[in-house]
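**Q** Got a predicted structure here, sequence first:
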Amino acid sequence: MSIVEKAVDKHRRAEPIRSPKEQAAQNDARVAKGRPLKTPRKPGSVDIELDHEKLSREGITPYTDISETLVDEFRRIKRPLLRAAFEEKAEGVASTAKNIVLIASALSGEGKTFTAMNLAMSIAMERDRTVVLVDADVAKPHISRMLGVAHQPGLMDLLQDHSVDIGEVLLQTDMPSLKIIPAGERHRQAAELLASQRMEAIIEELGTRYSDRIVLFDSPPVLQTSEAQALASLVGQVLLVVQAGQTPQRAVLSALELMAEQDVKMVLNKCRLPESSPYYTGYYGYK
């Protein structure tokens, strides 16, 4: 036996043999530190099976009873976003970041997450587009909870650990064109992480890896956290959700002022039009 072979044999005998329980405990410890395990995925595998009944209760199209109205409304909402992201880009008018969209609101409870989910579903129905929905509302990760992935590694883990790859936190739903990135583990320096060069690199990779992809970020409220401002500075478009008859005008103006340099479009949620209106189709938004 050579010197090298003897050294290898000595190291092997010195290494403790772990029981399956001990090995599992070691793996759990790695996950607890925020580092996802690198487990290879089979091509075409599904990580999230959408709960149609639960989504229906949340008013998410196409599963809700008022889906026809919602489908039409979100078709109207997505068209200018898609045009800016892809058609204007092809014409050389828009930058590559236009396919990165922040869904925000001035205050909480205005329907931003509802809008983000429905918009993602609507875009996923496009024949030639794919969508990644990122839960960036780390303090209140409603999308992650709605989809049952609140305890899975996600955006915050990706930002904290540079050795983690996007593919490790990018979850495939049973809608082929829809992928999800959960919020991940909450972090007290979330605002700094979201404004970091690492975040900028992640956004660039998400937005440029596939030419047919649009990325939606569900953001915290603009006036209640600083995370939304950090994200807004990195994206190409902002969709500001305003609750009809509830959001104070001064709050909307303050939110717009904080994002003055961004391309901001607005959605009026929970809006009723008079039945005499030629645009009347019933109840816009959700109950």
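**A** Sure thing, it's come through.
**Q** low-scoring stretches of the stretch 51-200 of the chain, by residue?
**A** For the stretch 51-200 of the chain, the stretches flagged by pLDDT under 70 are 63-67, 88-96.
**Q** swap the cut-off to 90 and go again
**A** Residues of the stretch 51-200 of the chain that meet the criterion pLDDT under 90 lie in 52-53, 56-72, 87-97, 186-188, 190-191.
**Q** quick one, strands of it?
**A** According to DSSP state E, counting those that start in this stretch, the stretch 51-200 of the chain carries its strands in the segments 100-105, 130-135, 171-172, 178-181.
**Q** Just say which of these is most tucked in.
**A** The densest packing among those, expressed as mean neighbour count by mean count of other CB atoms under 10 Å, is seen in strand 100-105 with a mean of 28. For every residue, glycine as well, the C-beta is placed using N, CA and C.
**Q** gap between the nearest residue to A191 once chain neighbours are set aside and S233?
**A** Closest residue to A191 in three dimensions, ignoring its sequence neighbours and counting by CB to CB, 6 or more residues apart in numbering: S226, at 4.5 Å. S226 sits 11 Å away from S233, taking CB to CB, to the nearest Å as the criterion.
**Q** still on that earlier bit, mind checking the strands of the stretch 51-200 of the chain for the one nearest to T208?
**A** Closest approach to T208 among the strands of the stretch 51-200 of the chain (CB to CB): strand 100-105, 9.9 Å.
**Q** now for that closest one, which elements pack on it?
**A** Judged by 3 or more CB pairs under 8 Å, 6 or more residues apart in numbering; DSSP states H and E, the packing partners of strand 100-105 are helix 112-124, helix 197-208, strand 213-218, helix 227-232, strand 237-243.
**Q** A136 is in contact with I180, isn't it?
**A** No. Under the criterion of CB atoms under 8 Å, A136 makes no contact with I180, lying 12.0 Å away.
**Q** now the strands of the stretch 51-200 of the chain as CSV including distance to G245?
**A** Written out in CSV, the entries for these read as follows (distance: least, CB to CB, whole Å):
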stretch, distance to G245
strand 100-105, 15
strand 130-135, 28
strand 171-172, 36
strand 178-181, 32
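**Q** right, and those strands - which one's nearest F114?
**A** Using CB to CB, those put strand 100-105 closest to F114, at 9.7 Å.
**Q** Quick one: name whatever helix or strand follows the host helix or strand of V252.
**A** According to DSSP states H and E, V252 maps onto helix 249-258. Elements were assigned by DSSP H and E; along the chain past helix 249-258, the next helix or strand is strand 264-269.
**Q** Direction included, what does that following strand pair against?
**A** Strand 264-269 has the following strand partners under DSSP bridges: strand 237-243 (parallel).
**Q** Name the surrounding residues that touch the strand it pairs with.
**A** Under the contact criterion CB atoms under 8 Å, 6 or more residues apart in numbering, strand 237-243 has outside partners 77, 81, 84-85, 98, 100-106, 109-112, 115, 119, 222, 232, 252, 255-256, 259, 262-270.
**Q** Buried ones among those residues?
**A** Among those, those classed as buried by 16 or more other CB atoms under 10 Å are 77, 81, 84-85, 98, 100-106, 110-112, 115, 119, 222, 232, 252, 255-256, 259, 262-264, 267, 269-270.
**Q** could the helices and strands packed on strand 100-105 go into JSON lines alongside distance to A150?
**A** Listed next are these as JSON lines, based on distance: least, CB to CB, whole Å:
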{"stretch": "helix 112-124", "distance to A150": "13"}
{"stretch": "helix 197-208", "distance to A150": "20"}
{"stretch": "strand 213-218", "distance to A150": "13"}
{"stretch": "helix 227-232", "distance to A150": "18"}
{"stretch": "strand 237-243", "distance to A150": "22"}
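**Q** quick revisit: send the alpha carbons of the helix holding V252 over as CSV?
**A** Once side chains and other backbone atoms are set aside, the C-alpha atoms of helix 249-258 remain, and they are given as CSV (Å, rounded to 0.1, in the frame of the first residue of the first chain):
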residue,chain,number,x,y,z
GLN,A,249,-55.2,61.2,-1.8
ARG,A,250,-52.2,62.5,0.2
ALA,A,251,-51.0,58.9,0.7
VAL,A,252,-51.1,58.2,-3.0
LEU,A,253,-49.3,61.4,-3.8
SER,A,254,-46.6,60.7,-1.1
ALA,A,255,-46.1,57.2,-2.6
LEU,A,256,-45.7,58.6,-6.1
GLU,A,257,-43.3,61.3,-4.8
LEU,A,258,-41.1,58.6,-3.3
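**Q** on contacts alone, who are the packing partners of it?
**A** Looks like helix 249-258 contacts strand 237-243 (3+ CB pairs under 8 Å, 6+ apart).
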